[in-house]
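A.B. asks: My questions are about this predicted structure, shown below with the sequence.
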Amino acid sequence: MIASPLAKKWVMGLTGLFLVSFLLVHLSGNFSLFKHDQGAAFNAYSHFMTSNPLIKVMEYGLVLGFLLHILQSLYLTIQNYSARPVRYAVPNSGESSSWNSRNMGLTGSFILVFLLVHFNSFVVKYRITKESENIYQIVVDAFQSGWGGWYWLFYVLSMVILGLHLNHGFQSAFQTFGINHKRYTPIIKGFGWIYSVAVPLGFATMPVYFRFFY
């Protein structure tokens with residue numbers, strides 16, 4: 001792992017913002033699920049994303065970004081915990097820090113579990129085992145009947161956790177880069193709050209739609 005404390009923060013900040021931008025792109029493409037065309041638009045989008053050579057190269061960068069962010073965050077979480085092996089009998093950390101900031105490792109771990117489940121539910125079936133070339137139908141089946149009809153709830157809960165993680169991570173990334181000013185910080189916090197609500201909410205509408213309204 002990276003040794004310098006400053007380098008660690010920059011890696012976390014840069015990879016975090018990179019993944020933030022990916023979420024916007026991913027969400028915009030997934031909105032084609034709502035088109036009433038029997039999945040034609042979403043299947044075309046998915047085929048383009050998995051067959052275009054440039055996208056494939058960018059995909060490697062995305063995987064690397066995920067791995068760097070996850071591994072570095074796990075390392076920081078273990079390091080911080082090891083630095084304080086004895087817990088206070090009555091913790092008072094809430095007086096100086098938010099729940100989000102104190103539990104980034106916890107929310108990040110939950111998101112990692114979600115990513116593994118998400119990868120197995122969609123990417124594996126579509127690109128590896130090739131159970132179906134109709135990724136739209138794979139999505140519909142997962143949200144309607146996956147895990148006995150409860151997969152949609154796991155997905156929605158994961159988006160809530162993602163929102164909590166993004167809310168603190170977005171703000172802390174800019175602080176890492178030294179962008180901390182009384183004029184700009186409220187704007188960054190406001191934009192981060194809007195982003196951390198709007199993007200997870202956008203993703204959460206998809207399982208709810210296919211489970212109850214499709």
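C.D. replies: In hand now; what should we look at?
A.B. asks: Please count neighbours and contacts with C-alpha atoms only from this point.
C.D. replies: Fine.
A.B. asks: So which residue is dead centre in the protein?
C.D. replies: Centrality entry for the chain: nearest residue to the mean C-alpha point is Leu162, 5.7 Å, by C-alpha atoms, centre = their mean.
A.B. asks: do you know how far that one is from Ala204?
C.D. replies: From Leu162 over to Ala204 the distance is 11 Å, taken as C-alpha to C-alpha, to the nearest Å.
A.B. asks: what's the burial count for the residue lying closest to Leu201 once chain neighbours are set aside?
C.D. replies: Among residues not flanking Leu201 along the chain, Met159 sits closest, at 7.1 Å (C-alpha to C-alpha, 6 or more residues apart in numbering). By the measure other C-alpha atoms under 10 Å, the count of residues near Met159 is 22.
A.B. asks: tell me the contacts of the residue nearest to the centre of the chain?
C.D. replies: 107-108, 111, 196, 200 (C-alpha atoms under 8 Å, 6 or more residues apart in numbering).
A.B. asks: if I look at the residue nearest to Gln171 when sequence neighbours are not counted, how far off is Ser101?
C.D. replies: Nearest residue to Gln171 in three dimensions, chain neighbours excluded: Lys189, at 6.0 Å (C-alpha to C-alpha, 6+ apart). Computed as C-alpha to C-alpha, the Lys189 to Ser101 distance reads 14 Å.
A.B. asks: ok, back up a step: what helix or strand is the residue nearest to the centre of the chain located in?
C.D. replies: helix 151-176 (DSSP states H and E).
A.B. asks: any idea of the mean pLDDT in that helix?
C.D. replies: Helix 151-176 shows a mean pLDDT of 88.
A.B. asks: So which elements touch the top helix by length along the chain?
C.D. replies: Counting by DSSP state H, the longest helix found in the chain is helix 53-83. Under the contact definition 3 or more C-alpha pairs under 8 Å, 6 or more residues apart in numbering; DSSP states H and E, helix 53-83 sits against helix 5-30, helix 40-51, helix 104-118.
A.B. asks: got a list of contacts for the lowest-mean-pLDDT helix or strand in the chain?
C.D. replies: For the chain, counting by mean pLDDT, DSSP states H and E, helix 99-102 ranks last in confidence among helices and strands (a mean of 73). Here helix 99-102 makes contact (C-alpha under 8 Å, 6+ apart) with 164-165, 167-168.
A.B. asks: so how far is it from its chain's centroid?
C.D. replies: 17 Å (C-alpha atoms, centre = their mean, to the nearest Å).
A.B. asks: Compare the helices and strands packed on helix 53-83 and give me the one nearest Gln175.
C.D. replies: With C-alpha to C-alpha as the criterion, Gln175 lies closest to helix 5-30 of the helices and strands packed on helix 53-83, at 9.0 Å.
A.B. asks: the inter-axis angle of that closest one versus helix 40-51?
C.D. replies: On the basis of axes from the mean of the first three to the mean of the last three C-alpha atoms, to 10 degrees, helix 5-30 is oriented at 140 degrees to helix 40-51.
A.B. asks: Show me the shaky parts of the chain.
C.D. replies: Judged by pLDDT under 70, the chain has its weakly predicted residues at 1-9, 80-81, 83-97, 100, 176-181.
A.B. asks: Now with 80, please.
C.D. replies: Scanning the chain for pLDDT under 80 picks out 1-15, 71-103, 170-185.
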